[in-house]
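Asker: Return atomic coordinates for the entry below.
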Amino acid sequence: MTTERYTVVLDTNECVSAGKCVASAPGFFVFDDDQIASVDHAGPRPDDATLLRIARACPSGAIRLQLDGVDVEI
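Answerer: Modelled structure (predicted):
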């Protein structure tokens, strides 16, 4: 059983709307009306390994992960 410990921090000012996060975790990462990604905490949350992969693939670096309030090395 995987423990989900990461907190997702998404900087909407840095988002370039590439859509990799939305395609990789639909329902958790969603586009707003301006096609900027956001997190829908009611959506199906990916496990921490998947979140790390998604954060690493973000071309703008808009997705950060935190553990107990401290940024995780991406």
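Asker: does residue 52 count as helix, strand or coil?
Answerer: Secondary structure assignment for residue 52 (DSSP: H, G, I helix; E, B strand; the rest coil): helix.
Asker: How about it, nearest residue that isn't a chain neighbour?
Answerer: residue 65 (6.5 Å; C-beta to C-beta, 6 or more residues apart in numbering). C-beta here means a position set from N, CA and C on the backbone, and glycine is covered the same way.
Asker: got a list of what residue 69 touches?
Answerer: Contacts for residue 69 were tallied using C-beta atoms under 8 Å, 6 or more residues apart in numbering; they are residue 7.
Asker: Phi and psi next, for it.
Answerer: With angles defined as degrees, to the nearest 10, residue 69 sits at phi 80, psi 0.
Asker: Distance of the residue nearest to residue 52 relative to residue 8?
Answerer: To residue 8, residue 65 is 6 Å away according to C-beta to C-beta, to the nearest Å.
Asker: what does residue 74 give?
Answerer: 12 Å.
Asker: More neighbours: those two, which one.
Answerer: Taking other C-beta atoms under 10 Å, residue 74 and residue 8 do not tie; residue 8 has more neighbours (19 against 12).
Asker: How about the secondary structure of the more buried one?
Answerer: Here residue 8 is strand, with the state taken from three-state DSSP.
Asker: Per-residue pLDDT of it, please?
Answerer: Looking at residue 8, its pLDDT reads 97.
Asker: next one: residue 4
Answerer: pLDDT, read off for residue 4, is 72.
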